[in-house]
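**Student:** Just a sequence and a predicted model for now, questions to come.
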Amino acid sequence: MKQQILFVCLGNICRSPAAEAMMQTLVDREGLSDRVYLDSAGTYGGHAGERADARMRRAAAARGIDITHRSRQVREEDFERFDMVIAMDDNNYEALFRLAPNREAQFKIYRFREFLRRHTDWSYIPDPYYEGHEGFELVLDLLEDGCATLVEELKSRG
């Protein structure tokens with residue numbers, strides 16, 4: 001049975017689609033594609049159907065990561081489908097907690113910062129939307145760190 005992971009940010013156009021694509025790249029590289037299903041969504045639905053922010057796509061592409069995801073809003077059934085629902089920051093964590101249909105679903109919600117090993121001084125993944133190029137690079141650095149930890153955890157599960 002595949003481990004199913006959903007990454008969540010506010011609009012699903014910067015952080016969470018980049019996390020999904022970063023994780024997919026690492027999963028593919030490690031030969032785990034048959035064991036993992038990835039997706040991303042936003043707690044806000046105003047960007048539904050849109051591609052990821054062009055600045056994030058460019059920054060990710062420079063690292064060999066292709067972001068193809070189209071934005072969508074978190075749905076109640078996501079809590080049934082996914083084993084892990086990973087929030088990029090505390091605001092989205094709290095929103096997910098309120099959206100979860102029951103306690104069992106709430107136990108599936110994690111903060112991305114829980115997976116950071118090299119960037120432990122960060123308590124959240126900052127939204128780069130109103131930042132310059134450096135903001136997108138920082139987010140990708142943080143995502144690479146946390147996704148590498150997630151991949152190691154998946155590998156250790158066998």
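**Tutor:** Structure received.
**Student:** State the helix or strand in which Phe97 lies.
**Tutor:** Using DSSP states H and E, Phe97 sits in helix 90-99.
**Student:** for that helix, the distance to its chain's centre please.
**Tutor:** 14 Å (Cα atoms, centre = their mean, to the nearest Å).
**Student:** in the helix or strand following that helix, what counts as buried?
**Tutor:** Using DSSP H and E, the next helix or strand after helix 90-99 towards the C-terminus is helix 103-106. Going by neighbour count (16 or more other Cβ atoms under 10 Å), the buried part of helix 103-106 is Ala105. (C-beta placed from N, C-alpha, C; glycine too.)
**Student:** Quick one: mean pLDDT over helix 103-106.
**Tutor:** Averaging pLDDT along helix 103-106 gives 98.
**Student:** Then stretch 58-72?
**Tutor:** Averaging pLDDT along stretch 58-72 yields 97.
**Student:** Flag every buried residue along that stretch.
**Tutor:** Quick answer for stretch 58-72 (16+ other Cβ under 10 Å): Ala59, Ala60, Ile65, Ile67, His69, Ser71, Arg72.
**Student:** any idea how far Tyr110 is from the second one?
**Tutor:** Counting by Cβ to Cβ, to the nearest Å, the separation of Ala60 from Tyr110 is 22 Å.
**Student:** cool, and Asn91?
**Tutor:** Asn91 is 15 Å from Tyr110, where distance means Cβ to Cβ.
**Student:** For these two, work out which one has more neighbours and name it.
**Tutor:** Tyr110 (17 against 14; other Cβ atoms under 10 Å).
**Student:** which SS class is that one?
**Tutor:** Secondary structure assignment for Tyr110 (DSSP: H, G, I helix; E, B strand; the rest coil): strand.
**Student:** which helices and strands does the host helix or strand of Ala59 pack with?
**Tutor:** Ala59 belongs to helix 54-61 when assigned by DSSP H and E. With contacts taken as 3 or more Cβ pairs under 8 Å, 6 or more residues apart in numbering; DSSP states H and E, helix 54-61 sits against helix 15-29, helix 133-156.
**Student:** What lies in contact with it?
**Tutor:** For helix 54-61, contacts defined as Cβ atoms under 8 Å, 6 or more residues apart in numbering pick out 13-14, 17-18, 21-22, 51, 66-67, 128, 133, 136-137, 139-140.
**Student:** After it, which helix or strand is next? Please name it.
**Tutor:** Helices and strands here follow DSSP H and E; after helix 54-61, the next one along the chain is helix 78-81.
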